[in-house]
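> output the structure for:
(chains A and B)
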Amino acid sequence: MQRFVNHADFIVEDMMKGIEKARPELEILSENDHVMKLKAAPIASKVGLVSGGGSGHEPAFLGYVGHQMLDAVAVGEVFSSPPAQAFYDAFMSVDSGNGVACLFGNYAGDNMNVKMAVDMCLDEGVEVKYVVATDDVSSSPKETKEKRHGIAGGVFMWKVAGAKASQGATLDEVIRVAQKTVNQTRSICVGLSSCTIPAVGKPNFHIDEGKMEFGIGHHGEPGMHVEDLKSAKDIAKDMVKAVVDDLEVKADETLSVIVSGLGATPIMELYVLYNDIESELQARNINIDKVLVGNYVTSLDMNGAALTIMRMDDELHELLEVEADSMGLRV
Amino acid sequence: MKFTNQEGIEIVETIIACIQKNRDYLSEIDGAIGDGDHGINMNKGFTLAKEALTGKENMSTGFQIISKMLMSKIGGSMGPLYGNFFRGLYVASKQHEEIDGQIIGEMLDKAYDNIKKISPAKVNDKTLVDVLDPAIYAYHKEFDASQDVNKALTEMVGASQAGLEATKHMVAKLGRASRLGERSKGHQDAGATSAQLILESFADGCKKLLR
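Okay, the predicted model is just below:
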């Protein structure tokens, strides 16, 4: 595979330098080159918002640092949780004395590192609370949904919490809306091809020509099943069914929707898929509020797409509409 | 039978060299049911530790440096797990100028306890615990019976190999491989593989110095 790279082992550092140069509102933390923060943070009297995770999911996670979005992100190696030290430095760099909310995806490594960093902050008298996104319906059955991984649903969580924090909400209020977002959000991925970690140099897994993996994870974790590649319409139907059934969405309810590419899928095809997804939702008499189509949370060069839905209410609607400006999302 | 903490820095070097040598092997094992970067991340952490050694460390402070590098630079699941493991080896030995079979046992216990503090993994979950648990048990069983530290280390290595082999037949219950369910059977666990390498090189390093 041909790629734009200098040294594969330092691809994350090189990307961060590029982002820092391209986005004047952002800076790499001077004490830790694996933390990207908003220059303006800590923002007086505002709860600090932090996320973090492995690289390779761009624009997640660091692309959601921005105005009325996240204040800082701990950046890990490709597909690998950032170390506790990076989370700790990110927390400390954005605390204005009002506490910090850490909003991240549910993976074993991230959980361990965040919890260690939260303890380290406690020793310094800084309060950090966290919410884990668990939107991937294929990663664990409904009975054990707290074990599910977080994928593109994080975008709604960061947007909603970012808006809430910018309104001067307390740490507990920010945590409440972030948790509500998680409770009302579900996602499903379909993979059409594998992806390659640059430093490994060969595909992470394999999908045969003419096949698709339904329910694939964001690092190529095996999905629910492998089947013959179908038309976009039939794939959309299955994706909608998977998330709508799991969230138990009823007719006349309202959803916001994200269709995110996984890295190598043309934007054209994402809209082909969205066309069929919307038809499918309408056939179920489900209303649609906000729609985001594009590359929001990717998986390196995987060909595939994720569908995310969030059940709306007045509060979530209002928070989604609040102005925001980041590399990954502008409202 | 014992050696000095000062001489013990050779054990630290032996473990680092072992991880560096097995970079590609560990990634290959991880690639079967994980994402194939275990060797890369381990090698990065242990190589950073090697670069941080000044030549003035003893065994304990050498382990402390490995721990710090894994915790501050590596991340993932293995950063905190092995970071805590090596911190245990450091804490349990730092006040001793001479290291004997009793202290080695305390080091192993502290290292394993530190992993249990942060990980919910149990025996049979197809993780590094499936190597550490039987290996450390075997060490104590032999040492308590014979007070022969060389024999105890040999028993430990044997049990670590058997524990690693057993992970091939287990279904992963934690971490990313757990997504595979039954399909994770037939492959040995990557974290268990690195744990086995670390225990075996630790034992080799000790045996060379014990007299």
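
> residue 158: neighbour count?
By default, I'm working from chain A. If you count neighbours by other Cβ atoms under 10 Å in any protein chain shown, A:Trp158 ends up with 29. Yep, even glycine has a C-beta here, placed from its N, CA and C like the rest.

> my bad, chain B
Residues near B:Gly158, counting by other Cβ under 10 Å: 15.

> excluding covalently adjacent residues, which one is nearest to it?
In this structure, B:Gly158 finds its nearest non-sequential neighbour in B:Ala138, 6.9 Å apart by Cβ to Cβ, 6 or more residues apart in numbering or on different chains.

> can I take it that A:Ser30 is in a strand?
No: A:Ser30 is assigned coil when assessed by DSSP: H, G, I helix; E, B strand; the rest coil, not a strand.

> what about it, distance to A:Glu124?
Going from A:Ser30 to A:Glu124 by Cβ to Cβ, to the nearest Å gives 18 Å.

> run through who's touching the lowest-mean-pLDDT helix or strand in chain B.
Counting by mean pLDDT, DSSP states H and E, chain B has its least confident helix or strand at helix B:23-33, which shows a mean of 86. Helix B:23-33 is contacted from outside by A:200, A:202, A:204, B:19, B:36-40, B:42-43, B:172, B:177, B:180, B:183-184, B:187-190, B:193-194, B:197, using Cβ atoms under 8 Å, 6 or more residues apart in numbering or on different chains.

> show me how to select, in ChimeraX, the buried members of these.
Here is the ChimeraX selection string for the buried members of the contacts of helix B:23-33, based on 16 or more other Cβ atoms under 10 Å in any protein chain shown:
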select /A:200,204 /B:19,36,37,38,39,40,42,43,172,177,180,184,187,188,189,190,193,194,197
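
> before we move on, back to that, ok, then the element right after the least confident helix or strand of chain B?
For helix B:23-33, the following helix or strand on the C-terminal side (DSSP states H and E) is helix B:38-52.

> which SS class is the residue in the stretch 201-331 of chain A that chain B sits nearest to?
Relative to chain B, the nearest point of the stretch 201-331 of chain A is A:Glu221 (4.0 Å; Cβ to the nearest Cβ). In three-state terms, and counting by three-state DSSP, A:Glu221 is coil.

> circling back: same for whatever helix or strand the residue nearest to B:Gly158 lives in, what does it pack against?
In the assignment (DSSP H and E), B:Ala138 maps to helix B:129-146. Contact partners of helix B:129-146 among helices and strands, from 3 or more Cβ pairs under 8 Å, 6 or more residues apart in numbering or on different chains; DSSP states H and E: helix B:101-118, helix B:149-167, helix B:190-209.

> now distance to B:Ile15 and mean pLDDT too, for these, in JSON lines please.
What follows is the helices and strands packed on helix B:129-146, written out as JSON lines (distance: least, Cβ to Cβ, whole Å; pLDDT from 0 to 100):
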{"stretch": "helix B:101-118", "distance to B:Ile15": "12", "mean pLDDT": "95"}
{"stretch": "helix B:149-167", "distance to B:Ile15": "14", "mean pLDDT": "97"}
{"stretch": "helix B:190-209", "distance to B:Ile15": "5", "mean pLDDT": "97"}
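
> what's the most buried one of the ones you listed?
Comparing the helices and strands packed on helix B:129-146 by mean neighbour count (mean count of other Cβ atoms under 10 Å in any protein chain shown), helix B:190-209 ranks first with a mean of 23.

> by contact count, what packs against that helix?
Judged by 3+ Cβ pairs under 8 Å, 6+ apart, helix B:190-209 is in contact with helix B:9-21, helix B:23-33, helix B:38-52, helix B:78-93, helix B:129-146, helix B:149-167.

> count the residues that sit near A:Asp172.
11.

> chain neighbours aside, what residue packs nearest to it?
A:Asp172 sits nearest to A:Lys129 (Cβ to Cβ, 6+ apart), 7.7 Å away.

> from the chain's centre, how far out is the helix or strand encompassing that neighbour? Work that out for me.
Per DSSP H and E: A:Lys129 is located in strand A:128-133. Using Cα atoms, centre = their mean, to the nearest Å, the mean C-alpha position of strand A:128-133 is found 14 Å from that of the whole chain.

> again, but for stretch A:42-50
So, by Cα atoms, centre = their mean, the centroid of stretch A:42-50 is 20 Å from its chain's centroid.

> first-to-last residue distance for it?
Counting by Cα to Cα, to the nearest Å, you get 11 Å between the two ends of stretch A:42-50.

> what's the answer for stretch B:177-184, then?
Termini of stretch B:177-184 sit 7 Å apart (Cα to Cα).

> so what touches it?
Contacts to stretch B:177-184, defined as Cβ under 8 Å, 6+ apart, come from residues A:139, A:217, A:221-222, B:33-34, B:126, B:170-172, B:187, B:189.

> now the residues you listed as CSV including distance to A:Ile151?
Conversion of the contacts of stretch B:177-184 to CSV gives the following (distance: Cβ to Cβ, whole Å):
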residue, distance to A:Ile151
A:Ser139, 8
A:Gly217, 8
A:Glu221, 10
A:Pro222, 15
B:Ile33, 20
B:Gly34, 18
B:Lys126, 24
B:Met170, 27
B:Val171, 24
B:Ala172, 20
B:His187, 25
B:Asp189, 24
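
> can you pick the most crowded of these?
For the contacts of stretch B:177-184, the largest number of neighbours (other Cβ under 10 Å) sits with B:Asp189, at 33 neighbours.
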